[in-house]
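A.B. asks: What shape does this take:
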Amino acid sequence: MLNVFRRNPRSTIEALYGAIVAQARAPVFYTDYAIPDTVNGRLDALMLHLGLVFERLSQGDEAAKEAGQAVFDRFCRDVDDHLREDGISDMKVPKQVRGVAAAFLGRQRAYMSALRAGDEAALLDAFGRNIYQGDLAPARRLAAYFRLTSGRLDQQQPSDIMVGRITWPDPATIQA
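C.D. replies: Below is the predicted model:
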């Protein structure tokens, strides 16, 4: 059933990572959702979407879990590449990649824990702290998008997600 992933894992992971990056780069997140249109803001949007997909794949079979790990590894390589392009020294890149990976895992844990517990205040607090520098007003719409996206991903088969066939909700239509 999951032979597509096993036959050409590199192109499969590239398709999956590309689908995540494309959604995270949607201009609506930086205009209507007020995510800062900065390197850190774009990284936060990417980590938010990556975390949602990572969570969904972690609920699947062994192949889905492997795909989740592979897409996380692809994210780390992307961070490594960007740091090197920005002129960070070879000695400092691994430490910075570990820092970004730790930030991703911490955010993913905080966001998903709050979502699973139905704790709106904790989700708003996490978005406010990590993305909006303490401002909870724009966090409300992002929380609505996050909840809807998580539910939408839960309805999709991991085998479809693994190959980059993700049906994302339209963020422009979501209100707080």
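A.B. asks: what's the closest non-adjacent residue to Met47?
C.D. replies: Take Met47 and drop its neighbours on the chain: the residue closest to it by CB to CB, 6 or more residues apart in numbering is Phe104, 4.8 Å away. (Each C-beta comes from the backbone N, C-alpha and C, glycine too.)
A.B. asks: what's the one you found in contact with, if anything?
C.D. replies: Contact criterion CB atoms under 8 Å, 6 or more residues apart in numbering gives 47, 50-51, 72, 75 as the residues in contact with Phe104.
A.B. asks: one more time with 10 Å
C.D. replies: Contacts were defined as CB atoms under 10 Å, 6 or more residues apart in numbering; by that measure Phe104 touches 43-44, 46-48, 50-51, 54, 72, 75-76, 79.
A.B. asks: where does the chain have low pLDDT?
C.D. replies: Counting by pLDDT under 70, the chain shows low-confidence ranges at 1-9.
A.B. asks: quick one: the helices in it?
C.D. replies: Under the criterion DSSP state H, helices of the chain are mapped to 3-7, 9-24, 28-31, 39-58, 62-85, 93-117, 120-130, 137-154, 158-162.
A.B. asks: And these: which comes nearest Ala176?
C.D. replies: Smallest distance to Ala176 across these (CB to CB): 3.8 Å, for helix 137-154.
A.B. asks: could you check the angle helix 39-58 makes with that closest one?
C.D. replies: Here the directions of helix 137-154 and helix 39-58 differ by 30 degrees (axes from the mean of the first three to the mean of the last three CA atoms, to 10 degrees).
A.B. asks: in helix 137-154, what counts as buried?
C.D. replies: Neighbour-count burial for helix 137-154 flags 138-146, 148-150, 153 (criterion: 16 or more other CB atoms under 10 Å).
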